[in-house]
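Trainee: sequence and predicted model, in that order:
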Amino acid sequence: MKPKSENKINISKVMDLTTSYLFILPALVIFLLFGLYPFTQVFWLSVHNWDGIALSKVFVGLRNFIEIFSDGPWWNSMCHAAYIALLALIFQNALALILALLVDKDIRGGNIFRVIFYLPPVLSGIVVGLIWGWIYDGNYGLLNHWLGFLGLEHLARAWLSDPKTSLTCIAVIHMWKGFGWGFVILLAGLQGIPRALYEAAEVDGAGMWQKFVNVTIPMMIPVFVLVMIMTILGTMQIFDIIAATTNGGPGYATEVPVTRILASMQGASRFGYACTQAVVFGVILLIVSLTQLRISKKMKQV
Amino acid sequence: MENRIFRFLSIVVCAVIFFSPTSGCVSKSSQKDSKPALVIWHWMSDREDTLQQIAQQYETETGVKVEFQLFAPSEAYGNKVRASAQTDTLPDIYGILAETRDYASFIKAGFVEDLTPYMEANNALWKKQFFKKALSMDTFVKDNQFDVLPGIYGVPIDVTNIQFLYNKDLFAKAGLDTNKPPRTFEQFKAVAKKLKENNIQGLVSGWGEIWMINCLADNFAWNIMGQDKILATIKGEVPYTDPDWIKVFSLFDEMGKSGLLASGMITMVNKHAEQTFANQRAALAFNGSWCVNVYKGMNPDLNYGVFLPPKISDKYPVVVWGGAGSSFKVNAKSKHKEAAIKFLKWITEKKQQIFLSKETHNLPSNRNALSNLSPHLKQFASAMKNTVHPSQLPNSEYPRVIETMGKGIQLIIIGQQTPEELAQKMQKIKEQEMKRSEKYNKK
């Protein structure tokens, strides 16, 4: 027979556990209902043919997955998103890092710059798209006006309607809108580096560049990885700017995965196939993120 | 003791948080009795005030309460209607903003009441008051490809059609006759030349939204080859590589080369095109009858005229894309079905149609309500007899083929694709889709 005090401890433990589980129960139910259930439904729908209205769905097995391999516009849209992601990885993050380094130097009005640089990300993508649409306008656009002012009118064009320039123009808008995120995260990372490390490096006679290469970069690798993953994931899912500027055109020149998923879902009423595209897209993003994490781990070891 | 009180309070808080949403639902359902008699979902943010007035008027006249609920923009509205169909929570009256095949799915799933008996009652009194073409988009004919029982499934509250518009002041500035808009394609190109010489921008339209580009392509196709050949193409009996189709695509090539089209037009959304025309930055526009209200808001002094698409061939008549504008459906599962139909009958009566048209500057669906129309709306109204719409045909084209056409025409305009290349591409996709469709049908 267990002593009375031991029983009391057990009851108290059960009560503690019950209370804890009760606390997480609402969050768990909400997660299961609005997170996990829709997630499993997307997988379930991806093996069906369904128009989003009919009460019955036709099971088609892997037919949608086979079809996606020969869907040219879909894979082109992937390449377009990858192109924008590549530009963002290089230029957007380089700009964010340079600005973060400058603001980290305790320059005058640093806080004002922080607010200014963080403004574009909080603006609506549709608004940003419309504003840049006026800048790129072929007739009355600011860009063409400036080119004329600089004597480069031969370069003037309808920037968003020319397949040679439209995707890069979209990338520029996206980078302008997105660099603020990277800036804030990189700045937080820079400010987290112990100043003692820089002082020690100075004592050892290190210059600015050496401090940057030997102290800042190694200490910032986890932050760089985070920013890179966020840049890739955010860019691959680009949509609002395209909806406000080119609608995927001219032709298929600025189509991206989300516009293609929407075209399948709303344009063609093929909800099942749209879910297949979403699953494939999700898997690709997962692979990219995992690869990047592995590389970063190796870099850290080095 | 303190610990016990803390635990008790924790459990109470958790229970309140957990059950509060459910209790909200319960209380909502228990309020059913205070629900208005008729609930109507609409997407027309520009007509919200007028519709609320109409509801008030109806309640005063009949004692039946009507609640118009606005869900905008139209994409969000379309998604809400689809989602509500899945949960069987559609209102008494609603609209379907989708292609014919989706409309057919709603009907087959039992969400839309067949209004044919009501339309045909009393020697088709209700039906006869509409423009003939107004009901065609809500009518499913015998042996339609969607296997929908033939009948009339919706009630148009207004009608629309898409035509060309020209700015009379800019025409005068270019030395063009302000009372003689172009009638043929050659005249159209001559106008383009004259405008270009005078440094005036030509045509603007929302051709970034491919449905508008396809509208004009449909007009040309109807004029060049007639309805039967278009239907034969949709059925797969005539290929898109047929010379008539290549001729249709070539017209866009010619328009692009003539300098008629405004810069950036192929990625332009219609709102931008409307602003450009209203601000007198372009001499021509391709837009729907709703533009009368839009231009009035943007530039009340805009001096413009309306004209039919240029004639390409004498073989078939010149047509314009159009038919029903905004159309309402009655929920077949509604408890207030009869009341809903009564309301739709009332709203399409002459008096209410005149009021709606006057307030919203849209074309009434009731052809007896044409008095007091503005001169521009009168011009649009006179073309209602020439309207066509793909949904009037018993068969409809595959969405991928339609998308390929719109996107391909964009590329033709900027010289990135030839009409022949587009025709071949469309035919290839058409064959792929037919094969895929056969597979699914077998399944």
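Mentor: Alright, I've got the coordinates. Numbers count the residues shown, from 1 in each chain, chains lettered A, B, ... in the order given.
Trainee: please count neighbours and contacts with C-alpha atoms only from this point.
Mentor: Will do.
Trainee: give me the below-cutoff pLDDT ranges for chain A.
Mentor: A:1-8, A:302 (pLDDT under 70).
Trainee: same thing but at 80, please
Mentor: A:1-9, A:106-110, A:139, A:296, A:299-302 (pLDDT under 80).
Trainee: got it, and chain B?
Mentor: Using pLDDT under 80, chain B drops low at B:1-36, B:324, B:372, B:391-392, B:439-443.
Trainee: please see if stretch B:79-89 touches chain A.
Mentor: Yes: for stretch B:79-89, a contact with chain A is found by C-alpha under 8 Å from any C-alpha of the partner chain, at B:82, B:85-86.
Trainee: now do the contacts for the residue positioned nearest the centre of chain A.
Mentor: In chain A, the centroid-proximal residue (C-alpha atoms, centre = their mean) is residue A:234; its distance is 1.0 Å. With contacts defined as C-alpha atoms under 8 Å, 6 or more residues apart in numbering or on different chains, residue A:234 has no neighbours.
Trainee: any idea which element it lies in?
Mentor: Here residue A:234, judged by DSSP states H and E, is contained in helix A:217-236.
Trainee: now swap in residue B:301 and tell me
Mentor: Counting by DSSP H and E, residue B:301 is part of no helix or strand.
Trainee: wait, doesn't residue B:396 sit right on residue B:232?
Mentor: No: counting by C-alpha atoms under 8 Å, residue B:396 sits too far from residue B:232 to count as a contact (10.8 Å).
Trainee: settle it for me: which of these two has more neighbours?
Mentor: Between residue B:396 and residue B:232, counted using other C-alpha atoms under 10 Å in any protein chain shown, residue B:396 has the larger neighbour count: 19 against 13.
Trainee: mind giving me the PyMOL select for the residues of stretch B:79-89 next to chain A, buried ones only?
Mentor: Of the residues of stretch B:79-89 next to chain A, the buried ones go into a single PyMOL selection, burial set by 16 or more other C-alpha atoms under 10 Å in any protein chain shown:
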select buried, chain B and resi 82+85
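Trainee: show me what counts as buried in the top helix by length along chain A.
Mentor: The longest helix of chain A (DSSP state H) is helix A:271-301. Within helix A:271-301, the residues scored as buried using 16+ other C-alpha under 10 Å are A:271-279, A:281, A:285, A:289, A:292-293, A:296.
Trainee: near chain B, which of the residues you listed show up?
Mentor: Of the buried residues of helix A:271-301, not one also sits near chain B (C-alpha under 8 Å from any C-alpha).
Trainee: out of the residues you listed, which comes closest to chain B?
Mentor: Nearest to chain B among the buried residues of helix A:271-301 is residue A:271, at 11.5 Å by C-alpha to the nearest C-alpha.
Trainee: skipping its backbone neighbours, what lies nearest whatever residue of chain B ends up closest to chain A in space?
Mentor: Nearest residue of chain B to chain A: residue B:407, at 4.2 Å (C-alpha to the nearest C-alpha). Using C-alpha to C-alpha, 6 or more residues apart in numbering or on different chains and skipping residues adjacent in sequence, the residue nearest residue B:407 is residue A:251, 4.2 Å away.
Trainee: doesn't the one you found belong to a helix?
Mentor: No: under DSSP: H, G, I helix; E, B strand; the rest coil, residue A:251 sits outside any helix and is assigned coil.
Trainee: show me which positions of stretch A:135-155 end up buried.
Mentor: In stretch A:135-155, counting by 16+ other C-alpha under 10 Å, buried: A:135-139, A:141-145.
Trainee: now intersect the residues you listed with the helices, please.
Mentor: A:135-136, A:142-145.
Trainee: any chance of these in a markdown table, plus distance to chain B?
Mentor: Listed next are those as a markdown table, based on distance: C-alpha to the nearest C-alpha, whole Å:
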| residue | distance to chain B |
| --- | --- |
| A:135 | 12 |
| A:136 | 9 |
| A:142 | 14 |
| A:143 | 14 |
| A:144 | 12 |
| A:145 | 15 |
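Trainee: wait, which of these is closest to residue B:380?
Mentor: residue A:136 (34.2 Å; C-alpha to C-alpha).
Trainee: quick one: that closest one and residue A:145 touch, right?
Mentor: No: if you go by C-alpha under 8 Å, residue A:136 and residue A:145 don't touch, sitting 9.8 Å apart.
Trainee: now, the residues of stretch B:79-89 next to chain A that are in helices?
Mentor: B:82, B:85-86.
Trainee: would you mind giving those as CSV with distance to residue B:250 added?
Mentor: Listed next are those as CSV, based on distance: C-alpha to C-alpha, whole Å:
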residue, distance to residue B:250
B:82, 39
B:85, 43
B:86, 44
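Trainee: what are the ranges of the strands in the stretch 101-250 of chain B?
Mentor: B:139-140, B:151-152, B:155-156, B:158-167, B:203-204 (DSSP state E, counting those that start in this stretch).
Trainee: out of those strands, which is closest to residue A:123?
Mentor: That would be strand B:203-204 among those, by C-alpha to C-alpha, at 28.9 Å.
Trainee: from the contact counts, what lies against that closest one?
Mentor: helix B:270-278, strand B:284-288 (3 or more C-alpha pairs under 8 Å, 6 or more residues apart in numbering or on different chains; DSSP states H and E).
Trainee: which of those is buried the deepest?
Mentor: Sort those by mean neighbour count, taking mean count of other C-alpha atoms under 10 Å in any protein chain shown, and strand B:284-288 sits at the top with a mean of 24.
Trainee: then that strand to CSV, C-alphas only?
Mentor: Extracted in CSV, the C-alpha atoms of strand B:284-288 (Å, rounded to 0.1, in the frame of the first residue of the first chain):
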residue,chain,number,x,y,z
LEU,B,284,-10.1,55.5,-78.5
ALA,B,285,-11.3,53.0,-76.0
PHE,B,286,-12.8,49.5,-76.1
ASN,B,287,-15.1,49.2,-73.1
GLY,B,288,-18.4,48.1,-71.8
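Trainee: next secondary structure after it?
Mentor: helix B:291-298.
Trainee: what helices or strands is the helix or strand following that next one leaning on?
Mentor: Next helix or strand after helix B:291-298 toward the C-terminus (DSSP H and E): strand B:304-307. Applying 3+ C-alpha pairs under 8 Å, 6+ apart, one finds that strand B:304-307 makes contact with strand B:158-167, helix B:168-173, helix B:375-382.
Trainee: dump these into CSV; add mean neighbour count and distance to chain A as well.
Mentor: Below are those laid out as CSV (neighbours: other C-alpha atoms under 10 Å in any protein chain shown; distance: least, C-alpha to the nearest C-alpha, whole Å):
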stretch, mean neighbour count, distance to chain A
strand B:158-167, 24, 18
helix B:168-173, 18, 17
helix B:375-382, 18, 28
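Trainee: separation between the residue nearest to residue B:407 and residue B:414?
Mentor: 10 Å (C-alpha to C-alpha, to the nearest Å).
Trainee: what's the answer for residue B:119, then?
Mentor: 48 Å.
Trainee: next one: residue A:271
Mentor: For residue A:271 relative to residue B:414 (C-alpha to C-alpha), the value is 33 Å.
Trainee: cool, and residue A:166?
Mentor: Taking C-alpha to C-alpha, one finds residue A:166 at 13 Å from residue B:414.
Trainee: show me which of these two is the more surrounded one.
Mentor: residue A:166 (23 against 20).
Trainee: pull the contacting residues for the more buried one.
Mentor: A:159-160, A:253-254.
Trainee: can we see that at 10 Å?
Mentor: Neighbour list for residue A:166: A:136, A:158-160, A:172, A:245-246, A:248-250, A:253-254, B:267 [criterion: C-alpha atoms under 10 Å, 6 or more residues apart in numbering or on different chains].
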